[in-house]
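Chemist: here's a sequence, model it:
(chains A, B, C and D)
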There are 2 protein chains.
Amino acid sequence: MSVTTKRRERERAQRHQLIITAARELAEAEGWEAVTTRRLAERVEYSQPVLYSHFDGKDAILRAVAIEGFGELADRLRRARPATPEPSRALHAVCGAYLEFAAEQPALYQAMFVLPTDVKFGHAETPPPLRTAFNEFVSCFDPDDPRRELFAEVTWSALHGMVALSDSGRIPPNGHTERLDLLVTQITATPGGPATPQGGGEGPRT
Amino acid sequence: MSVTTKRRERERAQRHQLIITAARELAEAEGWEAVTTRRLAERVEYSQPVLYSHFDGKDAILRAVAIEGFGELADRLRRARPATPEPSRALHAVCGAYLEFAAEQPALYQAMFVLPTDVKFGHAETPPPLRTAFNEFVSCFDPDDPRRELFAEVTWSALHGMVALSDSGRIPPNGHTERLDLLVTQITATPGGPATPQGGGEGPRT
DNA sequence: GCCGTTTTCTAGCGGCGCTAGTTATTGAAG
DNA sequence: CTTCAATAACTAGCGCCGCTAGAAAACGGC
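Modeler: Residues are numbered from 1 along each chain as shown, chains lettered A, B, ... in the order given. Modelled structure (predicted):
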């Protein structure tokens, strides 16, 4: 392999990343509906078919953006979760970081969790960063609780619901702090409570 | 106004509904991405421009479908919530009905809560059925609790998160029963648990 | 039976994702 | 230094999209 070939491959890799970044920036600036192959090509200063020499199609570009996002989210959540033994605080920190991430980069979040995708979740071929991100939630719960994954799922669902609903204008975003606080309080609460002794098998059984 | 004019208006109203129903059925059968104005026109056996004499555009048709859905959801939730004083059971019933609704008619649900919309939520001009539906959640909580709306918001968010994530293949749908049970248990739990009577202002103020 | 209004249709615009076929570029052999 | 096969990039175009202008048809009132 000649030295020039090497250079070409390097340039090609750079352009690959350039496309991803351009798509992401364009989406963040004007929304995903503005990200067309024509506009994207114009932005990277190449013709349209060049995109198809790097990706299988528009969906693949979107997927690449999403995967990039998974890594960044995982980093962020890991940094947020302090090595505190107190579960409530750790969970609050992780959930807060999640909401921040979604609020700061709504288009990226959409690519990851809203737009149709064929990225496998909870599967064998799930992107490792995605698993890592989810595990940050799991790690906030008691390691001895066999239901900690379930707790993580419900927590994540609630957060995603908040993000999705506020992002599409279905709930006002200013109540997020209160919702976050309430969510964490309730998810870490012990059922039964002082005032409501609903027998032993509280809740309709799992 | 002549009698024939009346007939024409009646027929026109029927066609209006026909378009909405056709859009809904087509979406439910093949997904919203398959609902194009051309296919829709073909289905109602009129030419494409006729759609635009009934609606301002494709978005308006979608909005009409969503509003129809709000009414049906409100009915469903109202029927589900029994006149039980026990909050946990009522909430479980309403949440269960919500998830059923979403699972049975995923495309309708998407039109209501996922696809971009300009329907006003939590506003003055919010469609009444939508308010009604949301109030079914609110009514599950203690009328004396000033935070019952907040509780309803968080509950709804969590449900929506479950629906959205499972609908797009991001969490497996078979865990829904467990997630529902856990959500209701936690949301109706008293924070602090049996051992921690949390004084008056539990949680970081609202 | 005619005419103005209203309704409906045909045809087409610009833009979409994507691709076939052609041109330009380039590294290496003669 | 020239020539040539291979590679890279482009132009042009396909079928589809949402939407609309202008023609054609249907129809009520006289």
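
Chemist: quick one, phi psi at the closest residue to DNA strand D within chain A?
Modeler: Proximity of chain A to DNA strand D (CB to the nearest atom of the strand) peaks at residue A:47, 3.1 Å away. All C-beta spots, glycine's among them, are computed from the backbone N, C-alpha and C. Backbone torsions for residue A:47, taken as degrees, to the nearest 10, come to phi -80, psi 160.

Chemist: that one is in contact with residue A:41, isn't it?
Modeler: Yes: using CB atoms under 8 Å, residue A:47 is in contact with residue A:41, at 5.8 Å.

Chemist: sort out which residues of the helix of greatest length in chain A are buried, please.
Modeler: Longest helix in chain A by number of residues, with DSSP state H as the criterion: helix A:3-30. Neighbour counts over helix A:3-30 (16 or more other CB atoms under 10 Å in any protein chain shown) mark A:15, A:18, A:19, A:20, A:22, A:23, A:24, A:26, A:27, A:28 as buried.

Chemist: contacts only, for the second one.
Modeler: Residues in contact with residue A:18 (CB atoms under 8 Å, 6 or more residues apart in numbering or on different chains) are residue A:44.

Chemist: what would the buried residues of helix A:3-30 look like in JSON lines with distance to DNA strand C and pLDDT?
Modeler: Compiled in JSON lines, the buried residues of helix A:3-30 are given as follows (distance: CB to the nearest atom of the strand, whole Å; pLDDT from 0 to 100):
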{"residue": "A:15", "distance to DNA strand C": "14", "pLDDT": "95"}
{"residue": "A:18", "distance to DNA strand C": "17", "pLDDT": "96"}
{"residue": "A:19", "distance to DNA strand C": "12", "pLDDT": "98"}
{"residue": "A:20", "distance to DNA strand C": "15", "pLDDT": "98"}
{"residue": "A:22", "distance to DNA strand C": "13", "pLDDT": "98"}
{"residue": "A:23", "distance to DNA strand C": "10", "pLDDT": "98"}
{"residue": "A:24", "distance to DNA strand C": "15", "pLDDT": "98"}
{"residue": "A:26", "distance to DNA strand C": "11", "pLDDT": "98"}
{"residue": "A:27", "distance to DNA strand C": "11", "pLDDT": "98"}
{"residue": "A:28", "distance to DNA strand C": "16", "pLDDT": "98"}
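
Chemist: ok so, going back, now the element after the longest helix of chain A, going C-ward?
Modeler: helix A:37-44 (DSSP states H and E).

Chemist: per-residue confidence at the residue of chain A closest to DNA strand D?
Modeler: For residue A:47, the pLDDT comes out at 95.

Chemist: over to residue A:199?
Modeler: 36.

Chemist: next one: residue A:7
Modeler: 67.

Chemist: between helix A:37-44 and the least confident helix or strand in chain A by mean pLDDT, find me the angle.
Modeler: Least confident element among the helices and strands of chain A, by mean pLDDT, DSSP states H and E: helix A:3-30 (a mean of 87). Inter-element angle recorded for helix A:3-30 and helix A:37-44: 120 degrees (by axes from the mean of the first three to the mean of the last three CA atoms, to 10 degrees).

Chemist: and residue A:104, how many neighbours?
Modeler: When neighbours are defined as other CB atoms under 10 Å in any protein chain shown, residue A:104 has 11 of them.

Chemist: repeat for residue A:128
Modeler: Counted with other CB under 10 Å, residue A:128 comes out at 12.

Chemist: can you check residue A:59 too?
Modeler: 13.

Chemist: for it, give me its contacts.
Modeler: Contacts of residue A:59 by CB under 8 Å, 6+ apart are residue A:118.

Chemist: which SSE is it in?
Modeler: helix A:58-80.

Chemist: buried set for that helix?
Modeler: Buried residues in helix A:58-80, counting neighbours by 16+ other CB under 10 Å, are found at A:61-70, A:73-77, A:80.

Chemist: any part of that helix near DNA strand C?
Modeler: Yes: Helix A:58-80 lies within reach of DNA strand C by CB under 7 Å from any atom of the strand, at A:58, A:59.

Chemist: the helix or strand following that helix: how far from the chain's middle?
Modeler: Following helix A:58-80 in sequence order, the next helix or strand is helix A:87-104 (DSSP H and E). Here the centre of helix A:87-104 is set off from its chain's centre by 12 Å, with CA atoms, centre = their mean, to the nearest Å.

Chemist: who are the packing partners of helix A:87-104?
Modeler: For helix A:87-104, the elements it packs on are helix A:58-80, helix A:128-138, helix A:148-167, helix A:176-187, judged by 3 or more CB pairs under 8 Å, 6 or more residues apart in numbering or on different chains; DSSP states H and E.

Chemist: that older thread, which of the buried residues of helix A:58-80 lies closest to chain B?
Modeler: Among the buried residues of helix A:58-80, residue A:66 lies closest to chain B (CB to the nearest CB), at 11.1 Å.

Chemist: now do that closest one, the pLDDT please.
Modeler: Residue A:66 carries a pLDDT value of 98.

Chemist: of residue A:47 and residue A:41, give the one with the bigger neighbour count.
Modeler: Taking other CB under 10 Å, residue A:47 and residue A:41 do not tie; residue A:41 has more neighbours (18 against 10).

Chemist: that one against residue A:54, yeah?
Modeler: No: between residue A:41 and residue A:54 there is no contact under CB under 8 Å: 11.1 Å.

Chemist: overlap in contacts of those two?
Modeler: Between them, residue A:41 and residue A:54 share no contacting residue, judged by CB under 8 Å, 6+ apart.

Chemist: per-residue pLDDT, residue A:158?
Modeler: 98.

Chemist: now it. Nearest residue, chain neighbours left out?
Modeler: Closest residue to residue A:158 in three dimensions, ignoring its sequence neighbours and counting by CB to CB, 6 or more residues apart in numbering or on different chains: residue B:158, at 3.8 Å.

Chemist: show me chain A divided up by domain.
Modeler: Using automatic domain parsing, the domain parsing of chain A gives A:1-55, A:66-206.

Chemist: most neighbours per residue, which of these?
Modeler: Sort the domains of chain A by mean neighbour count, taking mean count of other CB atoms under 10 Å in any protein chain shown, and domain A:66-206 sits at the top with a mean of 18.
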